[in-house]
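1. Next come a sequence and a model predicted from it.
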Amino acid sequence: MALSGFLVPFASGALIKRQEIADEYDDTAGEIIDAASAKYNEKLSLNNKAIELQNANYAAVENALGTTVAEAAAKNGFLNNVDTNKVVNYVTDSMSPGLIDSLKKLKLTDKNIPLDKNGKNLFDSVFKDDYNRATTKLGNQKDWASKNLNKGAIKNVSDLYLSGGEELPAPTGIEKAQKFLFGDRITNETGATFNLAAEEAIGSNVDVQPNAVMASSSLAERVGYRPAVDLGSILNQDRAIAGILNADDIKLAPDGSGIIFPARFNNHVLAIKDNAQKYAMEYTDADGKTVDIANLMLRSNQDIENNIISPISKSFIGYKIDTSQFAKNMSFRVMSATDIDFSSDFMKDNSLTEKDFIKASQTRQGISKTDTDIVDGFTLTTKAADAFEEEIKMQESTQLRAVYIDYLPDNMQILVAGQAMPIKTYYRRLFGIARF
């Protein structure tokens, strides 16, 4: 037979030789497995700890700062490689207070994805889904390791990768005889392809989120946040605003630091200054100093006119500033209206009718208990009051909400526990807005 020279003689030492070669194969396989196990078991353990650390850090930030901030912190990598007892401080140090405040104001979808200022998804996924994906992928790596980090798998995995996934050629007679005598042959080539297979299956780290990066300006822009800009002296700001509001009964502060406006203008003045930050970068020089205060304040007030005062005026007939002495003595802007325009978009969008604005006389309280007057007005239903409440909620800041309330007609009221309450008092209490 062709193989007889290879198979005999057993009695003259072939069995001893067989055992020596088999031991050599086992030693080679053992070295490969020992090296791979040490490398990948440690890697899998560290990767698992990193994923669970991010999960614990997310919970800590969400508990302290809210879901929207936690999602943004995760997507920007601020939950990585930070002790859980330090992560909240790390996040607040990594993102500016203004950006965090803007993130807190964002709404969430049903799936807890934050919506940007335009109502679009701020991120493609939420942390919970990213965490589940990561743990599943890491679980697959662990499963591969448990099944393949052993001597029996080395030859099978190596053959699979050497053949590109195709069936290997049939073994020759010599190869069959070698396998019969010595078992599967383990060579340097076998070990190299096994290591390639292991590297592909479990070599890469699984990340829930990226490594730490600075919160991008695009994120700040998408949530409507812009860093505060120096608007120059208060006196210059006040001078610009005084010209816009046509306030004729103003006076200079005793120390010359600014202008004292009549109390009824205060909310509007504060809103113009606060809203001006949105456009400040457009009116600054290369050093970040504001150089065109007058036009900046004018631009800011255009927002208030276009987004608050004008829409309110379209819902009423005979809407105007109350110029009576009673109104001038009040600590807020006093507006009046003679009727309701039910053809306006606001009234139609909220399905409001005459039944929601019941005509009735209204007693207005002035500065002192004896300072009152009676005007024709309207008692609002809860439906009508809720519609205005939603509009107030939509305003971007407390200052803008205060302006919205100020520019509602004063001759409106609502019944609270059967008692008439001026509509402005009702909303100020609802939104926690103080009167000057």
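-> Received it, and whenever you're ready, just let me know what you need.
2. For the stretch 1-150 of the chain, give me the ranges with low pLDDT.
-> Segments of the stretch 1-150 of the chain classed as low confidence (criterion: pLDDT under 70) are 1-38, 146, 148-150.
3. Equivalent analysis for the stretch 151-300 of the chain, please.
-> Judged by pLDDT under 70, the stretch 151-300 of the chain has its weakly predicted residues at 151-204, 211-218, 221, 224-229, 286-291.
4. Go again with 50.
-> For the stretch 151-300 of the chain, the stretches with pLDDT under 50 are 157-188, 190-191.
5. quick one, strands of it?
-> 251-252, 259-260 (DSSP state E, counting those that start in this stretch).
6. Quickly run through the sheet partners of the first one, with directions.
-> What that stands for is strand 251-252. Strand 251-252 has its sheet partners listed here by DSSP bridges as strand 259-260 (antiparallel).
7. I'd like to check what contacts the partner strand. Which residues are they?
-> Residues outside strand 259-260 that contact it (CB atoms under 8 Å, 6 or more residues apart in numbering) are 235, 238-239, 241-242, 250-253. Bear in mind the C-beta positions are built from the backbone N, C-alpha and C, glycine included.
8. Please indicate which of those residues are buried?
-> Those of the contacts of strand 259-260 that meet the buried threshold are 238-239, 241-242, by 16 or more other CB atoms under 10 Å.
9. ok so, going back, okay if I get the strands of the stretch 151-300 of the chain as CSV plus distance to residue 220?
-> Converted to CSV, the strands of the stretch 151-300 of the chain look like this (distance: least, CB to CB, whole Å):
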stretch, distance to residue 220
strand 251-252, 37
strand 259-260, 32
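10. Just the ones of the contacts of strand 259-260 in helices?
-> With helices defined by DSSP state H, the entries of the contacts of strand 259-260 inside them are 235, 238-239, 241-242.
11. Of those, which is the nearest to residue 404?
-> Relative to residue 404, the closest of these is residue 241; by CB to CB it sits at 18.2 Å.
12. thought the closest one was touching residue 294?
-> No: between residue 241 and residue 294 there is no contact under CB atoms under 8 Å: 9.5 Å.
13. Which residue, neighbours along the chain excluded, lies closest to residue 267?
-> Closest residue in space to residue 267, ignoring its immediate chain neighbours: residue 402 at 4.2 Å, by CB to CB, 6 or more residues apart in numbering.
14. if you go through the stretch 301-436 of the chain in chain order, where are the strands?
-> With DSSP E, counting those that start in this stretch, the ranges of strands along the stretch 301-436 of the chain come out as 316-317, 320-321, 335-336, 339-340, 357-365, 372-380, 412-416, 419-422.
15. Which among those strands is found nearest to residue 43?
-> Closest approach to residue 43 among those is made by strand 412-416 (65.0 Å; CB to CB).
16. Does anything pack onto that closest one? Which helices or strands?
-> Under the contact criterion of 3 or more CB pairs under 8 Å, 6 or more residues apart in numbering; DSSP states H and E, the helices and strands touching strand 412-416 comprise strand 357-365, strand 372-380, strand 419-422, helix 423-431.
17. Need the winner for burial among the ones you listed.
-> Most buried of the helices and strands packed on strand 412-416 by mean neighbour count (mean count of other CB atoms under 10 Å) is helix 423-431; its value is a mean of 18.
18. Mind listing residues that contact that helix?
-> Where contact means CB under 8 Å, 6+ apart, the residues beyond helix 423-431 that reach it are 332, 380, 385, 388-389, 392, 398, 401, 405-406, 408, 410, 412-414, 416, 433-435.
19. These in helices, which ones?
-> Using DSSP H to define helices, the subset of the contacts of helix 423-431 located there is 385, 388-389, 392, 398, 401, 405-406.
20. Now tell me which of the residues you listed the prediction trusts least.
-> Ranked by pLDDT, those bottom out at residue 398, which scores 88.
21. which residue packs closest to that one, ignoring adjacent ones?
-> Once its chain neighbours are removed from consideration, residue 398 has its nearest residue in residue 433; the separation is 6.6 Å (CB to CB, 6+ apart).
22. got a list of what the one you found touches?
-> Under the criterion of CB under 8 Å, 6+ apart, the neighbours of residue 433 are 398, 401-402, 405, 427.
23. Against residue 395, how distant is it?
-> Distance, residue 433 to residue 395, using CB to CB, to the nearest Å: 11 Å.
24. hey, what's in contact with both of those two?
-> Between them, residue 433 and residue 395 share the neighbouring residues residue 401, with contact defined by CB under 8 Å, 6+ apart.
25. ok, which stretches of the stretch 101-250 of the chain are helices?
-> For the stretch 101-250 of the chain, applying DSSP state H, counting those that start in this stretch gives helices covering 127-148, 151-162, 173-182, 188-202, 217-222, 234-245.
26. For the strands of the stretch 301-436 of the chain, could you give me a markdown table that also reports distance to residue 328?
-> Output for those, formatted as a markdown table (distance: least, CB to CB, whole Å):
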| stretch | distance to residue 328 |
| --- | --- |
| strand 316-317 | 21 |
| strand 320-321 | 10 |
| strand 335-336 | 13 |
| strand 339-340 | 24 |
| strand 357-365 | 13 |
| strand 372-380 | 13 |
| strand 412-416 | 20 |
| strand 419-422 | 18 |
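27. Cool, thanks, signing off.
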